[in-house]
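*Asks:* no letters, just coordinates:
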């Protein structure tokens, strides 16, 4: 079964889809091995890991596609991929959809911010006219070759015009053909509930660690009426904290042997990477 079909089946089946964020192949493989059915490729994380810059629209379409392709090759579970604003006009959005499909993604997330965009929980966001984004969603729907490839429409209007406008936009984007609606950065449980009561299309919740929205569990979100929950930056922040601790330990003591118990082992990491399989393959043809 193709990953687009896997994700579509999950969307149509009971239960909420949990998708932790991956910022490279290693983090994606760890998420898969932890037992998750889907992974979210975060533009925030790719911008940090690939170019060492904040999520303010600096990653190019080619850079995003190259990284998404590598991550899709590294795992067998469906990849939900961030595509920011779609990289231009409806014509550009159509090309972005086709490239994300070819890269192996099972879903693409598009947002209604102006370009250059900002992370959804940063200040100073601006959004385009709703009608302009409706045309982008229509172009995305028209461009996909695989009918199971999901179009996720995100609105950042909550921070700019308020919750009612964000809900109105979500309804418009669903009518334009989006398969999933993502209202970014609700500020309370009541706001999550109002969104769920107002939009019939499957909903995505963003549990951005340490950001503006309250941190609700997957069970709580499912009871409210959400179908997908992403945890976009938890793995990134955890890795950054751990790397910082190891670097400081080496700087202070000239060794990090005191932190070995907090690390993956050499053999464990080789197992994670599938070394045994590669060695057996090499032996077969030696």
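*Replies:* Sure, I can see it. Quick caveat, the model's predicted, so the values are computed rather than measured.
*Asks:* before we move on, which element is the spatially most central residue of the chain in?
*Replies:* Per CA atoms, centre = their mean, the C-alpha nearest to the average position across the chain is that of residue 40, at 3.3 Å. Element membership for residue 40 (DSSP states H and E) is strand 39-41.
*Asks:* what pLDDT, on average, does that strand get?
*Replies:* The average pLDDT for strand 39-41 rounds to 98.
*Asks:* how about stretch 49-60?
*Replies:* 89.
*Asks:* show me what the next helix or strand after the strand holding residue 40 is packed against.
*Replies:* Using DSSP H and E, the next helix or strand after strand 39-41 towards the C-terminus is helix 43-46. Judged by 3 or more CB pairs under 8 Å, 6 or more residues apart in numbering; DSSP states H and E, helix 43-46 is in contact with strand 17-22, helix 61-74, strand 79-82, helix 234-253. For the C-beta atoms, the positions are set from N, CA and C on the backbone; glycine is no exception.
*Asks:* helices of the stretch 51-200 of the chain, residue ranges please.
*Replies:* Counting by DSSP state H, counting those that start in this stretch, the stretch 51-200 of the chain has these helices, from start to end: 61-74, 90-103, 130-143, 158-161, 163-175, 189-198.
*Asks:* follow-up on the earlier one: how about the helices and strands packed on helix 43-46 in TSV, adding mean neighbour count?
*Replies:* Formatted as TSV, those follow (neighbours: other CB atoms under 10 Å):
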stretch	mean neighbour count
strand 17-22	26
helix 61-74	18
strand 79-82	26
helix 234-253	13
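*Asks:* figure out which of those is closest to residue 155.
*Replies:* strand 79-82 (14.6 Å; CB to CB).
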